[in-house]
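# Give me coordinates for this.
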Amino acid sequence: MAVSAKTLPFSSTPESLLNLHRKPNKPRTLEFSNSKQIYHLSLRRTQQLSLNANSVETLSTDNFDSHINELCRCGQLEQALGCLDSVQALNLTVEEDTYIALLKLCERTRAASEGRRVYSCILHSKNTLELRIGNALLSMFVRLGNLTDAWYVFGRMPERNVYSWSVLVGGYAKAGFFEEALSLYQRMLWVGGGIRPTEFTFPCVLRTCGGIPDLARGREIHAHVIRFGYESNVDVGNATITMYVKCGDVINARLLFDRMPRRDTISWNAMISGYVENGDSSEALRVFLMMREAGVDPDRVTLTCVISACEDLADERLSRQVLGYVFTTGFILEVSICNSLIQMHRSTGNWLGAEKIFSRMESKDVVSWTSMISGYEDNGLSVEAVKTYELMEAEGIMPDEITIASVISACASLGLLDLGIKMHQLADRSGYISYLMVSNTLIDMYSRCQCIDKALKVFHGIRKKDVICWTSMIHGLRINNRCFDAMVFFRRMKLYLEPNSVTLITVLSACGRIGSFMRGKEIHAYALRNGLALDGFVPNALLDMYVRCGRMRYAENQFRYQKKNDVDDIAAWNILLTGHAQKGQGPLAVELFNRMVASNICPDAVTFISLLCACSRSGGMVMEGLSYFEMMKQEYGIDPNLKHYTCIVDLLGRAGELQDAYEFIQKMPLKPDPAIWGALLDACGVHRNIELGEFAAQRIFEIDNTNVGYYLLLCNLYAGSAKWEKLAGVRKIMRDRGLIHDPGCSWIEVKGKLHAFLSGDNYSHPQVKEIDAVLDQFHQKMAAAGYYDDAEMNAQDASKDLVFCGHSERSAIAFGLINTAPGAPIWVTKNLYMCKSCHETAKFISKVVRREISVRDTEQFHHFKDGVCSCADEGFKGKLA
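Predicted coordinates for the structure are as follows:
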């Protein structure tokens, strides 16, 4: 059963249709002033006729009718209505033809309020609506989109002909009330008093079937066309072809097209556009060639369809041929054709051609500008998109919703918050904020500009949210480190809408970010139940979630499941390699790499980044790492990028070969970036090389003096060497420059519920007293065991706020000990680096309570068991708390 595109605000049952004219209706009247007022009726450009109310009695009714008719022919609606008011005030009779002339003029000029004035006069003077005047009213109201009054007029007409029914059917179809239009057509056949549809009726009904679309009913109407003998009519045949192609039945459309005894340009256009709409652009071009061979000249619609076909095929040679044909036929002067050519050049990546067409256009409309702006943005040319919009604004062209959305998207890419806010204000003023396309891009822009509260305000202002809207908001929360809120929004979303694969990918990323393993498993189960587990990037998102949560056994099961279903692409191998690298499992990473090569999977640049990181964090694999670096270049032809060089510096630095790392940087063919010098600075902090570390820091701050992370590395260098004055100097620079680091936050999942612990927040958690008591006991035991002397403890206490760790993982571990069964492993995720003090504390706790404790910080996993960490204390040899 087909569903109507819209619902009428009143009943459309057969009884209401047949009896509507019998319902009592109070006529609507107009009040006229009795004051003597002069009306000037202009009959011709060279002659003016002055008519006042005093002399009106000397004129006959026929004169009035002729004057009004003449004014209508001259298009002088206001004067004609003034004369009509005078006639009504004198209670004179107005001829039916006069009313019809007025109604046609109102329809032609789209004068809705004036049309209702004439309608009111007709109701005041006539008890029934005769056929001719009723049809004129129907035609006017349908043209003006006023279906309510059209329905009322139709019901008051005692007699109706095929024109009456056809006009109303066409009005409902045009307004999107497809079911009602078809219902009216059926009533015309059964209760219309023997009325037969004509060549004017069938196109309306056939377009309605295509609009739903409803192929079965369309075929039924086609049978009526044949039964009533209109199959040879060109207009009806064109409408039938359009119906079939709209319903996706191109085969029957082509059969009908081939059998047509006579075809016009519209016939060819219907067939060409039908093939384009149904994805067969090659056949559309073949029909176009047939059209040219038949000697039929194309029009704008034809060429627009042909250009769209070229756009779909993305054939640059074919595009050039079409462009040449457009030039030779003179259609290059048409704005709509130029707009289509711009789209075609965009599809083939020929931006130079698109810019040439755009620059040569004498007249550009909003579509022209929007095509260029959106094209630039879609292809990552956000700067050009913003510049083009500024030119558009200077030309005084008002943007539409697509323009605004494209510019906002460009602002998001470039971080142009001020321009983004300006576009938001423009969208509010113009009303385009109601378009979901605009609202969704605003959410994305504010999220990427770190204004998540503004994004939430836009989100809450959307009345009817779609899947894209929810997904954009969840993604925004995720990239603003509000992963817990992202998961809350995901649960709220499921109350209203079914998430799609993109939503699942986004929320799985949030789960992996804070180590929410149980919620990640819930989403995995949801994906399996709803058939999304193998959709798009969902398999790799699941694999990445398990890897980030440190559950390598689950990750390997997911990897095997993907291989079984032939979705083990290079990305899946890289994700698993990254998991081994984060855990410092170099030998396992090497084994996996060998399996990958044996499976005929060609490694890429990302593969070697993961492999080099695994060698770097495993200790004792310096030679292996260097050999893989050479293999990447020689065997696989991959040119190293800055990330590969950073891995090598980190590899050498962790091994204590600081001079070799520095010389490696000096010999690099690429200019070192802050990340490379940061790797050297970090290694200097571990091995307490103040001189080389300060040199690395100086190189960093010459390039980037706003990244708080590099200041923290320098602080760690000075703290590890007890350079307290220099440490204080760095902190003062940070305060002066307004550099603020994120507060430490740790998450732990217990019994399916996620708990967050923020550094410095000692009161909000309901179990804070129990947690503090547990930590105090371990602190005393560590002191008694001689884990640190008084001097180190004093230094630790004095510099607790200087360390930028926050120690939030200690609270999370204590909470896990209190609320989980004895012997159960504890999994904690942290947003900052783990400091030496917390590292030592976690080692001690794992030994005392005989539990396995896993802490994932911003760099790697630390798996504590029996007082030993999987990282072998790499990176903590010179760091204080």
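
# all strands for the stretch 651-800 of the chain, in order.
Secondary structure of the stretch 651-800 of the chain by DSSP state E, counting those that start in this stretch: the strands cover 745-750, 753-758.

# So for residue 86, which of the ones you listed sits nearest?
Between residue 86 and the strands of the stretch 651-800 of the chain, the shortest gap by C-beta to C-beta is with strand 753-758, which sits at 79.9 Å. The C-beta positions use only the backbone N, C-alpha and C, and glycine is treated the same way.

# Contacts for the closest one, please.
Contact with strand 753-758 is made by 484, 487, 514, 516, 519, 743-749, 764-765, 806, 808-809, 811-812, 815, as judged by C-beta atoms under 8 Å, 6 or more residues apart in numbering.

# Neighbouring strands - and their directions - for it?
Partners of strand 753-758 in the sheet, by DSSP bridges, are strand 745-750 (antiparallel).

# from the middle of its chain, how far away would the partner strand be?
Centre-to-centre, strand 745-750 and its host chain are 32 Å apart (C-alpha atoms, centre = their mean, to the nearest Å).

# Give me the buried subset of the contacts of strand 753-758.
In these, burial by neighbour count holds for 484, 487, 514, 516, 519, 744-749, 765, 806, 808-809, 811-812, 815, counting by 16 or more other C-beta atoms under 10 Å.

# Please spell out which residues along the top helix by length along the chain are buried.
Criterion DSSP state H: the longest helix present in the chain is helix 768-784. When burial is assessed from 16+ other C-beta under 10 Å, helix 768-784 yields the following buried residues: 771, 774-775, 778, 782.

# for the residues you listed, which one is nearest residue 829?
Nearest to residue 829 out of those is residue 771 (C-beta to C-beta; 17.4 Å).

# For the stretch 601-750 of the chain, which segments count as helices?
Read by DSSP state H, counting those that start in this stretch, the stretch 601-750 of the chain holds these helices, from start to end of the chain: 605-618, 622-634, 642-654, 658-666, 674-687, 690-703, 708-720, 724-736.

# so what's residue 788 scoring on pLDDT?
The per-residue pLDDT reported for residue 788 equals 59.

# all strands of the chain, in order?
Listed in chain order, the strands of the chain (DSSP state E) span 38-42, 48-52, 745-750, 753-758, 826-830, 853-856, 861-865, 868-869.

# Does the fifth one pack against any helices or strands, and if so which?
Contacts defined by 3 or more C-beta pairs under 8 Å, 6 or more residues apart in numbering; DSSP states H and E place strand 826-830 against strand 745-750, helix 808-819, strand 853-856.

# can you list contacts of the second one?
This points to helix 808-819. 744-748, 750-751, 755, 757-759, 765, 767, 770-771, 774-775, 826-828, 830, 834, 838, 841-842, 845, 849, 851, 853, 855, 857.

# Between helix 768-784 and it, find me the angle.
110 degrees (axes from the mean of the first three to the mean of the last three C-alpha atoms, to 10 degrees).

# Determine the set of other helices and strands touching the longest helix of the chain.
With contacts taken as 3+ C-beta pairs under 8 Å, 6+ apart, helix 768-784 sits against helix 808-819, helix 836-849.

# can you list the strands of the stretch 651-800 of the chain in TSV and add mean pLDDT?
Below are the strands of the stretch 651-800 of the chain laid out as TSV (pLDDT from 0 to 100):
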stretch	mean pLDDT
strand 745-750	90
strand 753-758	88
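
# can you redo those as CSV with distance to residue 458?
Formatted as CSV, these follow (distance: least, C-beta to C-beta, whole Å):
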stretch, distance to residue 458
strand 745-750, 26
strand 753-758, 26
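
# Ok, which of those comes nearest residue 256?
Across those, the minimum distance to residue 256, taken as C-beta to C-beta, is reached by strand 753-758, at 62.0 Å.

# What are the buried residues along that closest one?
Counting neighbours by 16+ other C-beta under 10 Å, one finds that the buried residues in strand 753-758 are 754-758.

# Quick one: the helices of the stretch 601-750 of the chain as JSON lines, columns for mean pLDDT, mean neighbour count and distance to residue 362 too.
Putting those into JSON lines (pLDDT from 0 to 100; neighbours: other C-beta atoms under 10 Å; distance: least, C-beta to C-beta, whole Å) gives the following:
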{"stretch": "helix 605-618", "mean pLDDT": "93", "mean neighbour count": "25", "distance to residue 362": "48"}
{"stretch": "helix 622-634", "mean pLDDT": "94", "mean neighbour count": "16", "distance to residue 362": "54"}
{"stretch": "helix 642-654", "mean pLDDT": "94", "mean neighbour count": "23", "distance to residue 362": "48"}
{"stretch": "helix 658-666", "mean pLDDT": "95", "mean neighbour count": "17", "distance to residue 362": "57"}
{"stretch": "helix 674-687", "mean pLDDT": "92", "mean neighbour count": "25", "distance to residue 362": "50"}
{"stretch": "helix 690-703", "mean pLDDT": "94", "mean neighbour count": "18", "distance to residue 362": "48"}
{"stretch": "helix 708-720", "mean pLDDT": "87", "mean neighbour count": "23", "distance to residue 362": "54"}
{"stretch": "helix 724-736", "mean pLDDT": "88", "mean neighbour count": "14", "distance to residue 362": "57"}
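
# Go through those helices and name the closest to residue 478.
helix 708-720 (20.2 Å).

# quick one: that closest one to chain centroid distance?
Relative to the chain's own centre, helix 708-720 is displaced by 40 Å; criterion: C-alpha atoms, centre = their mean.

# Quick check: which ranges of the chain have low pLDDT?
In the prediction, the chain carries residues with pLDDT under 70 at positions 1-62, 192-193, 762-763, 788-806, 875-881.

# Just to check, residue 459 is in contact with residue 471?
No - taking contact to mean C-beta atoms under 8 Å, the distance of 11.2 Å between residue 459 and residue 471 leaves them out of contact.

# So between the two, which is more surrounded?
residue 471 (25 against 22; other C-beta atoms under 10 Å).

# Enumerate the helices of the stretch 401-550 of the chain by residue range, in sequence order.
Remark: helices assigned in the stretch 401-550 of the chain by DSSP H, counting those that start in this stretch are 401-414, 417-430, 436-448, 452-460, 467-479, 483-493, 501-514, 517-529, 538-548.
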